[in-house]
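**Q** one predicted model, sequence on top.
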Amino acid sequence: MTLDEMYDEMELYGFEDFDDSQKLLLLNEAYFDIVTREPWPFLERTVEFTAPSGTTQITNQVFSGSPTDVNSVLSFIDISNDIVMTPERGDVVEKNYKWSENNYTPYIYYFVGEEMFVYPAVNGNTNYRLYYLRTPTAATNVTGTGAFLIPSRHHSIIVYGALVKAFLVNDDPQAAVFQNLFEQRYQQMRADAWMNNYDRPDRIHVLTDSYDWTY
């Protein structure tokens, strides 16, 4: 769906008195309500980049390939040295690790606010692969629905969410009706988004209990 099509659908339900900027505000609010509920597969992204020697901050940096939309990390791998990076809390690193700039290869990553760092500093230009969940951004008249990471086949749920908010603005009891429609549509999208692999091998898992062991 395009933004204009979303606007038109909202008007079908009686909101022709809302201007486009108001409709866009409600659509974005509904979108954020949806994508922040779960770690959706459509938020996943993988990027490979080279961090220059001496680097500590990974995200939002000037070097080529530095990721700018990291929300949550799923895995972080040092390709050059075959190291699976270990996550740690920033305050734990601050209090329990001796700071070193170039003594050895980084093996820890952590966050300060929304920015991602490694410890210690990168020792020699290093290739990394980062698998993460993206931070969603609002749609604008310029980006259109291309900013919505939700698959286009499920864009109607954004409209339903916006209609709930629109009815609430008018203190209209139909808000409850559209809330139910929104939740039903949400469950349909959830089943579709999470079940993308029905091709599973047949396996027999042998389970044992320690009390059955013989010594």
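**A** The structure has been received and is ready for your questions.
**Q** lowest average confidence, helix or strand, in the chain?
**A** Within the chain, confidence by mean pLDDT, DSSP states H and E is lowest for helix 90-96 among all helices and strands, at a mean of 89.
**Q** list the contacts of that helix.
**A** 108, 110-112, 117, 119 (CB atoms under 8 Å, 6 or more residues apart in numbering). For glycine as for every other residue, the C-beta is placed from the backbone atoms N, C-alpha and C.
**Q** can you redo the residues you listed as a markdown table with secondary structure, neighbour count and pLDDT?
**A** Putting these into a markdown table (DSSP: H, G, I helix; E, B strand; the rest coil; neighbours: other CB atoms under 10 Å; pLDDT from 0 to 100) gives the following:
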| residue | secondary structure | neighbour count | pLDDT |
| --- | --- | --- | --- |
| 108 | strand | 16 | 95 |
| 110 | strand | 20 | 96 |
| 111 | strand | 17 | 96 |
| 112 | strand | 12 | 95 |
| 117 | strand | 18 | 96 |
| 119 | strand | 19 | 93 |
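**Q** which of these lies closest to residue 31?
**A** Nearest to residue 31 among the contacts of helix 90-96, counting by CB to CB, is residue 111 at 24.3 Å.
**Q** for that closest one, give the beta-bridge partners.
**A** Beta bridges link residue 111 to residue 116 when assigned by DSSP bridges.
**Q** does residue 196 count as helix, strand or coil?
**A** Classification of residue 196 by DSSP: H, G, I helix; E, B strand; the rest coil places it in coil.
**Q** distance of it from residue 31?
**A** 21 Å (CB to CB, to the nearest Å).
**Q** more neighbours, those two?
**A** residue 31 (24 against 8; other CB atoms under 10 Å).
**Q** element containing residue 127?
**A** Using DSSP states H and E, the element containing residue 127 is strand 126-134.
**Q** need the contacts of helix 90-96 in a markdown table (columns: distance to residue 92).
**A** Listed next are those as a markdown table, based on distance: CB to CB, whole Å:
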| residue | distance to residue 92 |
| --- | --- |
| 108 | 9 |
| 110 | 8 |
| 111 | 12 |
| 112 | 12 |
| 117 | 13 |
| 119 | 10 |
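**Q** between the residues you listed, which sits nearest residue 186?
**A** residue 111 (29.1 Å).
**Q** residues in contact with residue 149?
**A** By CB under 8 Å, 6+ apart, the contact set of residue 149 is 35, 40, 42-43, 134, 136.
**Q** looking at those residues, which are in helices?
**A** The helices, defined by DSSP state H, take in residue 35 from the contacts of residue 149.
**Q** now the buried members of the contacts of residue 149.
**A** Among the contacts of residue 149, those buried by neighbour count (16 or more other CB atoms under 10 Å) are 35, 40, 42-43, 134, 136.
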